[in-house]
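# What would the 3D arrangement of this be:
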Amino acid sequence: MTWLTGHWNDAWMVAAKAALLYLTALAALRFGTRRTLAQMSPFDFITAVAMGAIIGRTSTSSTSSYATGAVAIATLITIHRLVSLLRYRPAIRRLVDARIRVLVAGGRIRRHQLWICGLTEDDVQAALRQQGLKRLDEARLVLYERAGAITVVRDRPHGDLIQAALEQAAGADPPWVLEAAQYPAEPDRS
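Residues are numbered from 1 along each chain as shown. Sure thing, here's the model as predicted:
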């Protein structure tokens, strides 16, 4: 019957290690950067998943000590913080972060960009409905942000934030995308 229930001494050890590792991870996240929970970009996601794996594996392993798990968590948080700081350098940011993508420009869906992002027209239409839009041509721009959020721009894209996103996306987009965003959309006659 021990194959089913194990030894009670082992259960207490697992519970104690799990609690200590949880508190260690909580402290590490508290002293680290908040990006891990707030943004969930790919490098944030990797850190979160790896921390969960470390806590789970170390808690249930009879061959891994709490100290081993704590060192692994501290190492992950340190590397995550270092990558967060290095992202201030444009070359590192291009390696770590996804590019902003223009999914809709001037009322026209850019299917190739949807394909690159792994999105469908239904995803874009859902984002438009969430913003209260009834037709595609009501959206001047639809941007796929670095962390995976969809931004809908209704009016002409003026202002520093929208212009910065367009310039960042322009590296992969043809000039007509920026031009289409500046002028009224052609009405859909289909």
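
# Would you check how far apart V124 and T58 are?
V124 sits 42 Å away from T58, taking C-beta to C-beta, to the nearest Å as the criterion. Where C-beta positions appear, they are placed from N, C-alpha and C, glycine not excepted.

# actually A48, sorry about that
If you measure A48 against T58 using C-beta to C-beta, the figure is 16 Å.

# and F43, what does it touch?
With contacts taken as C-beta atoms under 8 Å, 6 or more residues apart in numbering, F43 has the following neighbours: H80, V83, V96.

# Leaving out chain neighbours, which residue sits closest to the first one?
Spelled out, it's H80. Distance criterion C-beta to C-beta, 6 or more residues apart in numbering; nearest residue to H80, sequence neighbours excluded, is T47 at 4.5 Å.

# And the one you found, how close does it get to R81?
In this view, T47 and R81 are 10 Å apart by C-beta to C-beta.

# Check the closest residue to E121 other than its chain neighbours and give its pLDDT.
Across the structure, with C-beta to C-beta, 6+ apart as the measure, the residue nearest E121 apart from its sequence neighbours is I109 (6.0 Å). The predicted local confidence for I109 comes out at a pLDDT of 90.

# and I109, what are its bridge partners?
Each beta-bridge partner of I109 is listed here: V104, as defined by DSSP bridges.

# Kindly report the same for Y144.
The bridge-partner assignment for Y144, based on DSSP bridges, gives R101, I150.

# which ones are touching the spatially most central residue of the chain?
Central residue of the chain (C-alpha atoms, centre = their mean): S41, 2.7 Å from the mean position. If you count contacts by C-beta under 8 Å, 6+ apart, S41 has them with R35, V96, D97, A98, R146, A147, G148.

# quick one: it from V96, how far?
Note on S41: its distance to V96, by C-beta to C-beta, is 8 Å.

# Please say which of T47 and R81 ends up with more neighbours.
Relative neighbour count places T47 above the other of T47 and R81, with 24 against 17, counting by other C-beta atoms under 10 Å.

# so what's that one up against?
Counting by C-beta under 8 Å, 6+ apart, T47 makes contact with T36, L76, I77, I79, H80.

# lowest-pLDDT helix or strand in the protein?
Least confident element among the helices and strands of the chain, by mean pLDDT, DSSP states H and E: helix 35-38 (a mean of 50).

# what element comes up after that helix heading to the C-terminus?
Scanning forward in sequence from helix 35-38, with DSSP states H and E defining helices and strands, the next element found is helix 42-60.

# how about that next one: buried residues?
The neighbour-count criterion (16 or more other C-beta atoms under 10 Å) identifies F43, D44, T47, A48, A50, M51, I54, I55, T58, S59 as the buried residues of helix 42-60.
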